[in-house]
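S.K.: After the sequence you'll find the predicted model.
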Amino acid sequence: MRIEQYKDMIYACGRCEFCRGFDYNDRCPEIFTQHWESSTARGRMAIARAILEGNLEYSEDLAERIFGCFMCGRCREECKKAAQIDVIEITKAMRQDFVEQGVQIPEAGANMAATVTSSGNIFADPPKEHNRWAKELEFKEGSGTLFYPGCLASHRFKEKTNILVRLLQAAGYRLDFLGDDQKCCGTPYWVTGKMENAKEYAEAYLKKLQSRRVKEIITPCPSCFRAFDEEYPHLLGMEKLPIRIRHTSEVLLEIIDQKKLNFKYPVNKKITYHDPCEIGRYRDIYDPPRAILNSIPGIEFTEMSRNREHAFCCGGGGGCKIMFPDYSQRVADERIRDFVETEAELLTTICPACEMNLTHGFYEADLDTRVLDIAEIMAVSAGLVDSEILESDYFPED
Ligand code: SF4
Ligand code: SF4
């Protein structure tokens, strides 16, 4: 069993309650939605221990507990003060045990990985539709700097992705793009425990990138960023890929710091920022997005009550958006309540999955406002895009 390698950590859980929070509701989105002790990190450690001792078996009844984790890392952050248990890696190992023991996993999770295998993206889009955002943009094949949007930014946010690329190009980045050759980064495999093809997938993709002479990847998606920066090296037994991987949070700050564009148009709005789990808690990228927003003229920046390492998940993580859409929506609704408290006019973030789930939260709350990527705010201030995109009644065609 995969969890055996984490035996020491599993037994180190002292049931201190830091991970679930003392009111049960403000930390872990899984217990927020499911309300069972077994839906918390410490509950999962008890389940893992019972499985290791032969007192419990993986079964379909357990699937909702193990696959209903948003992998937001809030518990892991709290456990740093207690037993330093890597709950995320243990959850991934449990999901892998499910698959390897042939126990039924949530159908939508199994389908998601199968869709990537058959179509190359999580939406089963034909390439022409998937890459429609790139229409009328020019790329420099072989430039060495690959723009890698990932499935969500390609399929769901065509206008935002188009604006981001225009901003990067205006700042002087010579971007390559794989076009019809672009495939999913592979994250659906490891979040659903389907690791059997993951190594071959990563190997083949790295080969493709190297044959294109890619030296650097720039991606707006935290999952793609971590896939190339963490999962690929892990799967391929390397310390690092021979390619530099950068999330847009770093590149956009570089544009500001190196004055690659002139941000002369004020954005006179009260704005707050949602920390995506996979760049925040996973990678400690908290300051760059805030530094960018604070450098744009006119912005009144305000924080949500739960921010940085204490930020509440958007509800889009761990594959839950697809496997448990109702839970995912409830978490988004809760995060939108944090936004409303701030009385801000706009919500920004820097992750397509967060943008999608929080936008769904706005629809549900029937609020007249928008979730904007930080790149869109920069593009308005640099005069590359009309400021109408900041208005609540603006509705992009995609
Ligand atoms: S914070 Fe860590 S040690 Fe404490 S109950 Fe949670 S998993 Fe166990
Ligand atoms: S990763 Fe997030 S959702 Fe999963 S158990 Fe930890 S706090 Fe809860």
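M.R.: Structure received. Ligands and ions are numbered 1, 2, ... in the order given.
S.K.: CA only for contacts and neighbour counts going forward, please
M.R.: Noted.
S.K.: How about the residue of the stretch 251-398 of the chain found nearest ligand 1: what's its closest non-neighbour residue?
M.R.: Ligand 1 sits closest to His310 of the stretch 251-398 of the chain, with a gap of 14.0 Å, by CA to the nearest ligand atom. Take His310 and drop its neighbours on the chain: the residue closest to it by CA to CA, 6 or more residues apart in numbering is Arg74, 7.0 Å away.
S.K.: quick one: the one you found from Asn162, how far?
M.R.: Per CA to CA, to the nearest Å, Arg74 is found 32 Å from Asn162.
S.K.: before we move on, what about Val103?
M.R.: 42 Å.
S.K.: Looking at these two, which is more packed in?
M.R.: Asn162 (19 against 16; other CA atoms under 10 Å).
S.K.: what sits against that one?
M.R.: Asn162 sits next to Trp133, Ala134, Leu137 when contact means CA atoms under 8 Å, 6 or more residues apart in numbering.
S.K.: ok, of these, which come out buried?
M.R.: Among these, the ones that count as buried by 16 or more other CA atoms under 10 Å are Trp133, Ala134.
S.K.: As JSON lines, the contacts of Asn162 with secondary structure, distance to ligand 1 and pLDDT would be great.
M.R.: Formatted as JSON lines, the contacts of Asn162 follow (DSSP: H, G, I helix; E, B strand; the rest coil; distance: CA to the nearest ligand atom, whole Å; pLDDT from 0 to 100):
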{"residue": "Trp133", "secondary structure": "helix", "distance to ligand 1": "42", "pLDDT": "94"}
{"residue": "Ala134", "secondary structure": "helix", "distance to ligand 1": "44", "pLDDT": "93"}
{"residue": "Leu137", "secondary structure": "coil", "distance to ligand 1": "48", "pLDDT": "96"}
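S.K.: quick one: which of the contacts of Asn162 is nearest ligand 2?
M.R.: Trp133 (32.3 Å).
S.K.: thinking again about what came up before, tell me the one of the contacts of Asn162 nearest Asp257?
M.R.: Leu137 (25.7 Å; CA to CA).
S.K.: what sits against the closest one?
M.R.: So Leu137 contacts Asn162, Arg166 (CA under 8 Å, 6+ apart).
S.K.: Over to Pro233?
M.R.: Shown in contact with Pro233 (CA under 8 Å, 6+ apart): Glu239, Lys240, Leu241.
S.K.: Dump the residues you listed into CSV; add pLDDT as well.
M.R.: Below are the contacts of Pro233 laid out as CSV (pLDDT from 0 to 100):
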residue, pLDDT
Glu239, 94
Lys240, 94
Leu241, 95
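S.K.: Separate out the buried members of these.
M.R.: For the contacts of Pro233, buried by 16+ other CA under 10 Å: Lys240, Leu241.
S.K.: Next step: the contacts of Pro233 restricted to strands.
M.R.: With DSSP state E as the criterion, strands contain none of the contacts of Pro233.
S.K.: Quick one: the contacts of Pro233 as JSON lines, columns for distance to Glu203 too.
M.R.: Output for the contacts of Pro233, formatted as JSON lines (distance: CA to CA, whole Å):
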{"residue": "Glu239", "distance to Glu203": "15"}
{"residue": "Lys240", "distance to Glu203": "13"}
{"residue": "Leu241", "distance to Glu203": "11"}
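S.K.: Up against ligand 2, what does this protein have?
M.R.: Residues of the chain lying close to ligand 2 (CA under 6 Å from any ligand atom) are 28-30, 40-41, 69-75, 88.
S.K.: From those, list the ones also adjacent to ligand 1.
M.R.: Contacts with ligand 1 within the residues of the chain next to ligand 2, as defined by CA under 6 Å from any ligand atom: Ala41.
S.K.: Taking the residues of the chain next to ligand 2, tell me the two that lie furthest apart.
M.R.: Pro29 and Ile88 (13.9 Å).
S.K.: Please enumerate residues in contact with the longest helix along the chain?
M.R.: If you go by DSSP state H, the chain has its longest helix at helix 325-342. Applying CA under 8 Å, 6+ apart, the contact partners of helix 325-342 are 29, 32-33, 272, 302-306, 312-316, 320-321, 347, 357-358, 360-362, 364-365.
S.K.: Show me the subset of the contacts of Pro233 that also lies near ligand 1.
M.R.: Near ligand 1, by the rule CA under 6 Å from any ligand atom, you find none of the contacts of Pro233.
S.K.: Which member of the contacts of Pro233 is positioned nearest Ala46?
M.R.: Taking those together and measuring to Ala46 by CA to CA, the closest member is Glu239, at 32.6 Å.
S.K.: next one: the lowest-mean-pLDDT helix or strand in the chain to chain centre, how far?
M.R.: Least confident helix or strand of the chain, by mean pLDDT, DSSP states H and E, is helix 127-130 with a mean of 86. Relative to the chain's own centre, helix 127-130 is displaced by 22 Å; criterion: CA atoms, centre = their mean, to the nearest Å.
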